[in-house]
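Student: coords please:
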Amino acid sequence: MQQLRTGSGAWSRSKLGRIETRAQGVRIREIEQLLDLYNVTDAALRVWLLDLAATAQERGYWLAIRKDLPEDFHGFLSVEAALVALRQFETMLVPGLLHTADFTRALINGANPGLAGDVVERRVMARLARQQILTRASPLHFHVILDEAVLERPVGTPAIMRNQLRYLIDESTADHITIQVLPKAAGASPAMDGPFSVLTLPEPIPDFGHAEGPGGAVYIEDRSDVRACIVKLGILTERALSQANSVDVIKKATKT
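Tutor: Residues are numbered from 1 along each chain as shown. Below is the predicted model:
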């Protein structure tokens, strides 16, 4: 990053730190500097990224994101920006709202071998753009329970996986983010039914559930089924490690 700290429009170490921790946004001209630094020469990709940055605070920017994501995910995107709370249990991978760029890239390439490079990069940027709901003025309250196997399943290189786990540790310090690990010792539990989420929109809209599988996304709206999901989350929350103990487990995983 030495190039950013010299010449016109130089970046200071403190500025770089604020941007990396999302305490400060990035201006259009700074996006252009980054694109130049990373040798992004594809004109269409540059225009798309610059337009995305210019409209990041507008509701309409989701339209640009949607076009590069799987069709069955569009319905979820349409409500995600309006959520006030999200409770999520995952068995296979770190939730997208807590991804690093490198982890996302490795995950997409692994799950979709042969996908064009420009499509991969747009999907990476789309996923990172979604994370603004965790940094807005009234951030989403996000409670995620991770099966311990998630920490043990390498995605990308060892360095990519370590950095992803360290990112989880950093994010866990935020007041509106709770991360718990469900240990293998928990044995048989509602975890056996697979990953799912409970989403909360502003009142008076009732909570609803969401689950993804090979057949696509499923939305759970029946009141009794939603209550069952909430009960399952309550059981998993009790059986999972506390946040402090979960962070300790994640720290140990970074050293393996």
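
Student: pLDDT score assigned to Val124?
Tutor: In this model, Val124 is scored at 89, pLDDT.

Student: Find the helix or strand that it is a member of.
Tutor: Here Val124, judged by DSSP states H and E, is contained in helix 117-130.

Student: Check which residues of the next helix-or-strand element following that helix are buried.
Tutor: Counting by DSSP H and E, the next helix or strand C-terminal to helix 117-130 is strand 141-147. Within strand 141-147, the residues that qualify as buried are 141-147, counting by 16 or more other CB atoms under 10 Å. For glycine as for every other residue, the C-beta is placed from the backbone atoms N, C-alpha and C.

Student: ranges for the helices of the stretch 151-256 of the chain?
Tutor: 158-171, 223-239, 243-253 (DSSP state H, counting those that start in this stretch).

Student: who does the second one touch, helix- and strand-wise?
Tutor: The one in question is helix 223-239. With contacts defined as 3 or more CB pairs under 8 Å, 6 or more residues apart in numbering; DSSP states H and E, helix 223-239 has these neighbours: strand 85-90, strand 141-147, strand 177-182, strand 196-200, strand 208-213.

Student: Strand 208-213 and that helix, what's the angle between them?
Tutor: Angular relation of helix 223-239 and strand 208-213 on a 0 to 180 degree scale: 80 degrees, by axes from the mean of the first three to the mean of the last three CA atoms, to 10 degrees.

Student: and helix 223-239, what's its mean pLDDT?
Tutor: Taken as a whole, helix 223-239 carries a mean pLDDT of 96.

Student: how big is the angle separating that helix from strand 85-90?
Tutor: For helix 223-239 and strand 85-90, the angle between their directions (the same axes, to 10 degrees) works out to 70 degrees.

Student: go on, the last one?
Tutor: Following the same axes, to 10 degrees, one obtains 40 degrees for the angle between helix 243-253 and strand 85-90.

Student: No more questions from me, cheers.
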